[in-house]
Each structure stands twice: as structure tokens, then as C-alpha cells.
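Trainee: sharing a model prediction with you, sequence too.
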Amino acid sequence: MLEIKNLNVWYGGIHAVKDTSISIKRGEIVTLIGANGAGKSSAIRSIAGLVKGAKGSVTYTARSGESISLLGKQPEVMVRLGISLCPEGRRILPHLSVEENLMLGAYSRSDRDGIARDIEYGYTLFPRLRERRRQKGGTLSGGEQQMLSVARALMSHPDLLMLDEPSLGLAPILVSEVFEVIKEINREGRTILLVEQNAFAALKIAHKAYVLEVGCVTLEGSGAELLENPKVKEAYLGG
Ligand SMILES: Nc1ncnc2c1ncn2[C@@H]1O[C@H](COP(=O)(O)OP(=O)(O)O)[C@@H](O)[C@H]1O
Ligand SMILES: [Mg+2]
């Protein structure tokens, strides 16, 4: 579904992503783990067309069979192709209500009934959001904002959902809750690219995983394999 070959990202003299290749099959959860500064956000953001000057090839095969090169494409094209990014740091709008934030995720659509159904679906995934539907986004706790951000990314019905560190800053119990929902979203047929510093939580749910170190992929395997890998245990799982 997504073939990333020799992806390179530079910011001036900083070479943040170096010749990275990642392959994602339809229906999988693929995770990219790595320490702070490893280049995870740069990689996912360049796939989403948000980094100018990214080089390499990123080829996406849509459900229709259409194959298209993503680098340099506009965000509207991503939405049309069924790709949605849930960015790092919960970029919700603080002065809008929970429900208004969800509506924004459907900006590309005009089917009011469908949108209402999808908002309901978001509330089913995260019942806490339903209780707070009229509350301003900025007054939600960090975990609730993260849930809102995931629910909003689903409002465009993505085939491929990309998540940048959904566990960031969350208490362990909320990490489990958000990751259970990611698994559920995947069971419903959506492909997931998950970027995470929380290697344990990510590897537990991933079909396929890549380790990114200072911009380079240094290890790859199934989630289960990497959970058992001595280097991964030592560097990312606390020994
Ligand atoms: N907009 C930017 N301008 C300059 N350097 C950046 C920018 N974004 C990220 N970097 C640098 O690129 C490297 C990778 O960052 P990032 O992709 O955010 O890593 P991660 O998401 O794995 O923490 C870091 O050295 C970071 O300082
Ligand atoms: Mg990041």
C-alpha cells in the first residue's frame, strides 16, 4: 500500500532522515520506533507532504488500484487518496468545542448524515469525548485532547491513518486505552503507520516494526521479534 524508498530529509545542514526505506501492506499496523530526535516526525511528516525538500520515493497504492507518488503533494490530495495524519502534540483548536473540532476533521465532506454518524462513531471509540462534547478543546486533559485528535483524524475515513506519538505525555492507563482503540481501528480495516517513542506499547500491537536511529533504519522485523531482540530490549525496553 505504501512503499517508501531511500527517503531523505534535510533541514539546512541537518540530515534528519537518511536513506530510509519502509514498506507497509494494506491492513497492517506498522510502527517506527526511536528515541527523541531520531527523525520519526520528519519521516511521517514528509510522507504526509508536510516537509519541503524531502527526497526519495513514496509510492501509495489507493484502494482503487491507482498508484501515486506522494512527495510534494498537497494535503487535499492526501485526503482524497484516503490518508490522514494525526500530528504530534494534539493540534486541536482550544477555543472550539470537542464537537466543532471533530467537524473540522470532516472539512472535505458535505454529507451531513454521514458526518453525524462518524461523530457518533468517535464518541463510541472514546466515550469520554461524548460527555465533553460541548466543552472547549483547550479545557480537556492531555489524554482527552489526544483522543480528540485521533477521533478527528478518522473523520475523513482514511484508509491509511498515520499517528505521530499518540502516547506522548499520557499516563500509562490512557496509553493502554488509546492503543486499544488503535487496534480496534485497524481491525475495522484501516492500515496504520504509528510513530512512537513508547517502544513497548507500539511493538505489542505492531505487525511490522522499524527502529530509527539518528535518521537511519537500523533494525526491522515483526513487532514480536523486536520485542525479543536483545538490542531493542537494552536500548528501548529498559533492559
Ligand atoms: N523544522 C526543523 N528545522 C530544523 N531542524 C529540525 C526541524 N524539525 C526537526 N529537526 C531536527 O531533525 C532531527 C529529527 O527530528 P524529528 O524528526 O522531530 O525527530 P523525532 O520525531 O524522532 O523526535 C532533530 O535533530 C531535530 O532537531
Ligand atoms: Mg517527533
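Mentor: Right, received. Where do you want to start? Ligands and ions are numbered 1, 2, ... in the order given.
Trainee: list of residues touching the worst-scoring helix or strand of the chain on mean pLDDT?
Mentor: Least confident helix or strand, the chain: helix 75-81 with a mean of 85, by mean pLDDT, DSSP states H and E. Residues from elsewhere that reach helix 75-81 (C-beta atoms under 8 Å, 6 or more residues apart in numbering): 48-50, 60, 62, 66, 68, 70, 84-85, 108, 156, 159. Glycine gets a C-beta too; all of them are placed from N, C-alpha and C.
Trainee: host element of the one residue sitting closest to the centre of the chain?
Mentor: Among the residues of the chain, residue 163 comes closest to the average C-alpha position under C-alpha atoms, centre = their mean, at 1.3 Å. When elements are assigned from DSSP states H and E, residue 163 belongs to strand 160-164.
Trainee: if we can go back for a sec, show the buried residues in the contacts of helix 75-81.
Mentor: Neighbour counting by 16 or more other C-beta atoms under 10 Å classes 48, 49, 60, 70, 84, 85, 156, 159 among the contacts of helix 75-81 as buried.
Trainee: looking at this, the second one is in a strand?
Mentor: No: counting by DSSP: H, G, I helix; E, B strand; the rest coil, one finds residue 49 to be coil, located in no strand.
Trainee: and the residue lying closest to it once chain neighbours are set aside, how many neighbours does it have?
Mentor: Of all residues not flanking residue 49 in the chain, residue 73 sits nearest, at 4.7 Å (C-beta to C-beta, 6 or more residues apart in numbering). Residues within reach of residue 73, counting by other C-beta atoms under 10 Å, total 17.
Trainee: residue 73 belongs to a strand?
Mentor: No: counting by three-state DSSP, residue 73 falls outside a strand, being coil.
Trainee: how much space between it and ligand 2?
Mentor: 21 Å (C-beta to the ion, to the nearest Å).
Trainee: contacts for stretch 91-106?
Mentor: Residues outside stretch 91-106 that contact it (C-beta under 8 Å, 6+ apart): 115, 118-119, 122, 129, 132-140, 145, 148-149, 151-156.
Trainee: ends of it, how far apart?
Mentor: Distance between the boundary residues of stretch 91-106 (C-alpha to C-alpha, to the nearest Å) amounts to 15 Å.
Trainee: residue of the chain nearest ligand 2, please.
Mentor: residue 41 (3.1 Å; C-beta to the ion).
Trainee: wait, what's in contact with that residue?
Mentor: Contacts for residue 41 (C-beta under 8 Å, 6+ apart) come out as 88, 164, 165, 195.
Trainee: for residue 172, see how far away residue 179 is.
Mentor: Taking C-beta to C-beta, to the nearest Å as the measure, residue 179 and residue 172 are separated by 11 Å.
Trainee: of these two, who's got more company?
Mentor: Neighbour totals were compared for residue 179 and residue 172, and residue 179 leads with 21 against 10 (other C-beta under 10 Å).
Trainee: which of the contacts of residue 41 tops the neighbour count?
Mentor: Ranked by neighbour count (other C-beta under 10 Å), the contacts of residue 41 have residue 195 at the top, with 27 neighbours.
Trainee: okay, and residue 58 sits in which element?
Mentor: Using DSSP H and E, residue 58 maps to strand 55-61.
Trainee: correct me, but residue 189 touches residue 27?
Mentor: Yes: if you go by C-beta atoms under 8 Å, residue 189 and residue 27 touch, sitting 6.9 Å apart.
Trainee: for these two, indicate the residue with more neighbours.
Mentor: Between residue 189 and residue 27, counted using other C-beta under 10 Å, residue 27 has the larger neighbour count: 14 against 10.
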